[in-house]
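In: Let's see this in three dimensions:
(one chain, ligands or ions: 1)
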Amino acid sequence: MATILVYWTGTGNTEALAFSIADGVKQGGGACEVVKVSDADLQKTAAYDKIILGCPAMGAEELENTEFEPFYSALEPLLKGKTVGLFGSYDWGDGEWMRLWQKRAEDAGVSVLDTLIVQSAESGADETIAFGKKFA
Ligand SMILES: Cc1cc2nc3c(=O)[nH]c(=O)nc-3n(C[C@H](O)[C@H](O)[C@H](O)COP(=O)(O)O)c2cc1C
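Out: Okay, the predicted model is just below:
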């Protein structure tokens, strides 16, 4: 079963991670469709068994609130029983947004297989590829 990766990006860092993670899925022998959240369809996304979601730290350690957070809120109840990964880029914080996001998901009954956070654009390809391979 193929994997879908849905992401939001402002300045391209999370987008770069997205494509590198998708390469990892492919290197692991899987297929991965990469979709910007503004182009994503809720039901189509929820039809996948493996769902990777990417959003950088925005606001004050929050998900981006005009496009990504509303999409995620609608998707979250549909994620039970799925293999889910969360990732994103951040800068000056310590990754708190991701801890909050993971806790929110797990409190909603979502089983998060793994998370990946990368400061700014300093992604070592090794970690994004390894992350993607878990969703192959
Ligand atoms: C409006 C705004 C709010 C941000 N808030 C945070 C934050 O709370 N914590 C943090 O670590 N980085 C924060 N950042 C930094 C971004 O997460 C960082 O620049 C990231 O690499 C952006 O990813 P992108 O290129 O995919 O948009 C913020 C950036 C912007 C523009």
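
In: Which helix or strand contains residue 116?
Out: strand 112-119 (DSSP states H and E).

In: okay, residue 120: pLDDT?
Out: For residue 120, the pLDDT comes out at 85.

In: Pull the number of nearby residues for it.
Out: 12 (other CB atoms under 10 Å). For every residue, glycine as well, the C-beta is placed using N, CA and C.

In: Please name the nearest non-neighbouring residue to it.
Out: residue 91 (5.5 Å; CB to CB, 6 or more residues apart in numbering).

In: Show me what the helix or strand that the strand holding residue 116 is followed by is packed up against.
Out: Heading C-terminal from strand 112-119, the first helix or strand you meet, by DSSP H and E, is helix 125-133. In terms of contacts (3 or more CB pairs under 8 Å, 6 or more residues apart in numbering; DSSP states H and E), helix 125-133 is packed against helix 13-27, strand 112-119.

In: Report whether the strand holding residue 116 contacts the ligand.
Out: No. Contact of strand 112-119 with the ligand (CB under 6 Å from any ligand atom) is absent, the minimum separation being 7.5 Å.

In: in the helix or strand that residue 45 is a member of, what's buried?
Out: Here residue 45, judged by DSSP H and E, is contained in helix 42-46. The neighbour-count check on helix 42-46 (16 or more other CB atoms under 10 Å) flags residue 45 as buried.
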